[in-house]
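Participant: sequence? don't have it. structure:
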């Protein structure tokens, strides 16, 4: 089973993010794929913008995931944006954090495992409080401690 902690990296977490949902998602994609060429980043932006909603999966409790599969990727890439202020998306739900998960097509099993782990993580009240913080180190520590205890 893929371990979420293996993919949560300090340099892939953006804190105190402001902007509209398109700006937030575009900056998150750039940050998540910062080690890939510009054409791959652009393709990821196009992929996620074709989804019915920019934030493609609302996990409730203020968390959302934008995700997709791309043949140009060699491994699973995860980035996180922590919003400075909670934001309403599509006049429905309020979010405070967005995960971006981009994976190669052959990583389907690990991809689904990671989505399930993220969903489980954010069902906890502690996660809701923590993701209001502005320090990436606290988020990494929380995810690591959560999975060591479960």
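Facilitator: Happy to help now that I have it. What you are looking at is a predicted structure, and each value in this text was computed from that prediction instead of being measured.

Participant: which stretches of this structure form strands?
Facilitator: Per DSSP state E, the chain carries strands over the ranges 13-17, 57-60, 63-69, 77-89, 93-103.

Participant: residues touching residue 70, list them.
Facilitator: Residue 70 makes contact with 40, 43-44, 47, 102-105, according to CB atoms under 8 Å, 6 or more residues apart in numbering. Heads up, the C-betas are built off the backbone N, CA and C, glycines and all.

Participant: that older thread, residue 137: which of the strands of the chain is closest?
Facilitator: Of all those, it is strand 13-17 that lies closest to residue 137, at 8.9 Å by CB to CB.

Participant: most centrally placed residue in this protein?
Facilitator: residue 99 (1.2 Å; CA atoms, centre = their mean).

Participant: I'd like to know how far it sits from residue 36.
Facilitator: Counting by CB to CB, to the nearest Å, the gap from residue 99 to residue 36 is 18 Å.

Participant: and for residue 5?
Facilitator: Using CB to CB, we find residue 5 at a distance of 22 Å from residue 36.

Participant: got it, and residue 116?
Facilitator: In terms of CB to CB, residue 116 sits 26 Å off from residue 36.

Participant: and stretch 84-101, how far from the chain's centre?
Facilitator: Averaging C-alpha positions (CA atoms, centre = their mean, to the nearest Å) puts stretch 84-101 11 Å from its chain's average.

Participant: what is the end-to-end distance of that stretch?
Facilitator: Terminal residues of stretch 84-101 are spaced 21 Å apart (CA to CA, to the nearest Å).
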